[in-house]
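[1] here are the coordinates; sequence isn't available:
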């Protein structure tokens, strides 16, 4: 960071809307607070004990004043709430076609991986002008992925996935912080987001250390763990097929229907007895303690790569 700055630059598509909402909320609260304090001060001085103010026709109540004050302030804050809700929904819904990347937090570093397999520590290179979706989890405690210039922040939790997305509008380097106290060296858990022109990003990606595509690595781990013996096309054991599964509804044995999203895939690997698919016996073993967070992300990428195949019969 280049010295003290009151506000970071607006370097993403959501930075301006977030700032507008913040200043609108700050302005409205300031107007209400100043109005209340000013009225109190005037009345306290004018009607102080011993003053010559005329109190002979003082009104003890006024429905018009009370009703106007209550209704106007309520409407203003409800409009602010609706505005915030619309922006919150936008921030929580990654655009279709976003470039998906994976983040694993641990004390005290950020481990980031591109779908092509390239890994980074405490920095992430992204292309300018393209939405980037982060699938994040933690190996230990709660962390928080915070990029002030993008006006985005999301808690990163152990045992589950959280999502965050942004679309950079300026090239350059922008600080990355952990915004959740996570232990002794919390203050040192930082990094940077490097935003590059699309052509430069493609060149950077091509000239990096060769890594296995994350979905390919997931397929290899899938076979190494013996998962193909049950879920493969020629499996001898009757188990749910994974082709076309991701993003589709799944009917469970208890009558519920869930969407096969990141959370469902993770729980199916670690807690297979929790949500048993209707029509199948609960015989899948748990892989808790046998797979790392990186393995889980690779398996998730592999299952996602099968999403375009025909969906299994329900």
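    Perfect, thanks for sending it. Keep in mind that this is a model prediction, so the values were computed, not measured.

[2] Flag the shaky bits of this protein, pLDDT-wise.
    1-4, 58-59, 208-211, 235-236, 308-314 (pLDDT under 70).

[3] hmm, try it at 80
    1-7, 47, 50, 52-62, 207-212, 232-238, 307-314 (pLDDT under 80).

[4] what are the ranges of the strands in it?
    99-106, 109-113, 119-121, 123-127, 132-138, 143-147, 152-156, 162-166, 172-178, 190-196, 249-251, 257-259 (DSSP state E).

[5] which of these sits most buried?
    For those, the largest average neighbour count (mean count of other CB atoms under 10 Å) is found in strand 143-147, namely a mean of 24. (Each C-beta comes from the backbone N, C-alpha and C, glycine too.)

[6] just the angle between that one and strand 152-156, please?
    For strand 143-147 against strand 152-156, the angle by axes from the mean of the first three to the mean of the last three CA atoms, to 10 degrees is 170 degrees.

[7] I would like the residues contacting strand 143-147, please.
    12, 103, 105, 110, 134, 136, 152-156, 164, 166, 174-180, 182, 189, 193 (CB atoms under 8 Å, 6 or more residues apart in numbering).

[8] That strand pairs with which strands, parallel or anti?
    strand 152-156 (antiparallel), strand 172-178 (antiparallel) (DSSP bridges).

[9] got the domain boundaries for the chain?
    Segmentation of the chain into domains, based on automatic domain parsing, reads 8-36+66-211, 214-305.

[10] Mind jotting down where the helices sit in this structure?
    15-46, 63-91, 198-206, 214-224, 228-231, 262-270, 293-305 (DSSP state H).

[11] Highest mean neighbour count out of the ones you listed?
    Mean neighbour counts for the helices of the chain (mean count of other CB under 10 Å) peak at helix 293-305, with a mean of 22.

[12] Of all the helices of the chain, which one comes closest to residue 130?
    Distance to residue 130, taken as CB to CB, is lowest for helix 198-206 among the helices of the chain, at 7.0 Å.
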